[in-house]
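1. Pasting a predicted model and its sequence here:
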Amino acid sequence: MEELQVIAVQFLPNRPDELSVQPIESGLINKTFLVAVKHTPDRYVLQRVNSHIFSNPDAIVANAGRVHALLADSGYPLELFRFLKTNAGAYHVYDAGGFPWRMLTHVENSATFDKARSPEMARQGATAFSLFYRHLNENGGPIHLTPTIPDFINFRKRVCDYLLSLETGRAERLEKASLLLAAVQSNIGLPDKWIDLLDTGKLPQRIIHADPKISNVLFQATQHTALAIIDLDTVMHGTLLYDFGDMARSYCNTTAEDDATVTSPFDLDLYQATKAGFLSHLEDFLEPVELENLDYSAQVVVFIQCLRFLTDYLNGDTYYQVAYPEQNLDRATNQFRLFAGMNRAVL
């Protein structure tokens, strides 16, 4: 961890030996660590930004600053983190590999969870996001946000990328995925309605988080009440239906995202709690077309995530971090089973 201590002290008035650095095991894109100043209560979050995916890290800082200013002016009641500047006045330090590192404030007595441990936790997390969306979209008016991942929620592109991977993917992986590919193909028209709703301008464009998984809610460590919404790397203009769908995808899966052993990972009680939380601050704010398509959005977002994992698997794991060769295939299988369970239970 000595290299990380050297990076961390560029943000802090400390010597490297005064710091301890421990990994925070969460997330598929960036690498995150907790920095503690020895013999003090001071804690910080140190993060390496995956610049292969986020090619403009300064845009992330700028977007987060605009969002935080908007929330603060609106009387938003939850915690707001901030980015620290280096001792030289920058927001990033670059390592020998060219990756940017950033440091954020840390909320004490807080914890994140990869899974919703109960319907109440799912409701709490979804309610926190509902509050976040209401304050951003009702009180602030339009603000400029720079896209940090172009076409991130472009479902037409996701489908096209998947279809291309069927032609260019690795032959041995196409064979290993053959059963899942057949199941996916029978549902390949599912995103057509979504694409049409957006093409015809029927879905309002709002400020969204775009990665509202349960681990991006900071909870109080013991009481499990929501303290903050974190990780604004993907905040953008888009449809709130995407965020509800991705929230349902994260909150309602009873097993790990790469667990391909469970045949039915969808939990209806978690889904209903998530939906209730999402609507808690938004039901009187959303337009009828949004309310009418909540259940559909959950299914199509899960299906698209299956396509994304499957595409990356066929292409040789170029996007998501993997710990073993078949992990993206397991992730895709898990997502398809989640989609199938959701389809049976909700519609």
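-> All right, it came through fine.

2. mind checking pLDDT for Pro142?
-> The per-residue pLDDT reported for Pro142 equals 71.

3. again, but for Leu347
-> Reading off the per-residue confidence, Leu347 sits at a pLDDT of 58.

4. next one: Gln223
-> According to the predicted model, the pLDDT of Gln223 comes to 84.

5. can you count the residues close to it?
-> Neighbour count of Gln223, defined by other CB atoms under 10 Å: 9. Using the backbone N, CA and C atoms, a C-beta is placed for each residue, glycine as well.

6. Pretty sure Phe219 sits in a helix.
-> No - according to DSSP: H, G, I helix; E, B strand; the rest coil, Phe219 belongs to no helix; its state is strand.

7. Make 76 the first number, not 1, from now on.
-> Fine by me, first position is 76 from now on; the one you just mentioned is Phe294.

8. what bridges to it?
-> Applying DSSP bridges to Phe294 yields these beta-bridge partners: Ala186, Ala301.

9. ok, now which ones touch it?
-> 185-188, 196, 199-200, 300-302 (CB atoms under 8 Å, 6 or more residues apart in numbering).

10. what do you get for Lys160?
-> Residues touching Lys160, when contacts are defined by CB under 8 Å, 6+ apart, comprise 86, 166.

11. That one belongs to a helix, doesn't it?
-> No - assigned with three-state DSSP, Lys160 falls outside any helix and is coil.

12. Look up how far Arg177 lies from it.
-> Distance check for Lys160 against Arg177: by CB to CB, to the nearest Å, it reads 10 Å.

13. Find residues that contact each of these two.
-> A shared contact of Lys160 and Arg177, defined by CB under 8 Å, 6+ apart, is any residue touching both; here these are Tyr166.

14. Would you check how far apart the nearest residue to Arg245 once chain neighbours are set aside and Lys232 are?
-> Nearest-residue entry for Arg245: Gly391, 6.0 Å, with adjacent residues in sequence omitted and distances by CB to CB, 6 or more residues apart in numbering. Here Gly391 is placed at a distance of 19 Å from Lys232 (CB to CB).

15. ok, back up a step: for ChimeraX, write the selection for the buried entries among the contacts of Phe294.
-> In ChimeraX, this line selects whichever of the contacts of Phe294 come out buried by 16 or more other CB atoms under 10 Å:
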select :187,196,199,200,301,302
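
16. could I get the contacts of Phe294 as a markdown table with distance to Gln380?
-> What follows is the contacts of Phe294, written out as a markdown table (distance: CB to CB, whole Å):
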| residue | distance to Gln380 |
| --- | --- |
| Ser185 | 27 |
| Ala186 | 25 |
| Thr187 | 20 |
| Phe188 | 19 |
| Met196 | 21 |
| Gln199 | 23 |
| Gly200 | 18 |
| Thr300 | 28 |
| Ala301 | 23 |
| Leu302 | 27 |
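
17. now the protein, which segments are flagged as low pLDDT?
-> 76, 100-104, 214-216, 422 (pLDDT under 70).

18. all strands for it, in order.
-> Taking DSSP state E, the strands of the chain run over residues 94-99, 106-112, 118-123, 168-169, 175-180, 185-186, 281-283, 292-295, 301-304, 311-313.

19. need the helices for the stretch 126-275 of the chain, in chain order.
-> Remark: helices assigned in the stretch 126-275 of the chain by DSSP state H, counting those that start in this stretch are 132-148, 194-214, 230-243, 246-251, 253-260, 267-274.

20. will you turn those helices into JSON lines that also has distance to Val84?
-> Written out in JSON lines, the entries for the helices of the stretch 126-275 of the chain read as follows (distance: least, CB to CB, whole Å):
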{"stretch": "helix 132-148", "distance to Val84": "20"}
{"stretch": "helix 194-214", "distance to Val84": "33"}
{"stretch": "helix 230-243", "distance to Val84": "41"}
{"stretch": "helix 246-251", "distance to Val84": "44"}
{"stretch": "helix 253-260", "distance to Val84": "47"}
{"stretch": "helix 267-274", "distance to Val84": "46"}
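
21. out of the ones you listed, deepest packed?
-> Taking mean count of other CB atoms under 10 Å as the contact definition, the stretch among the helices of the stretch 126-275 of the chain with the greatest mean neighbour count is helix 194-214, which reaches a mean of 22.
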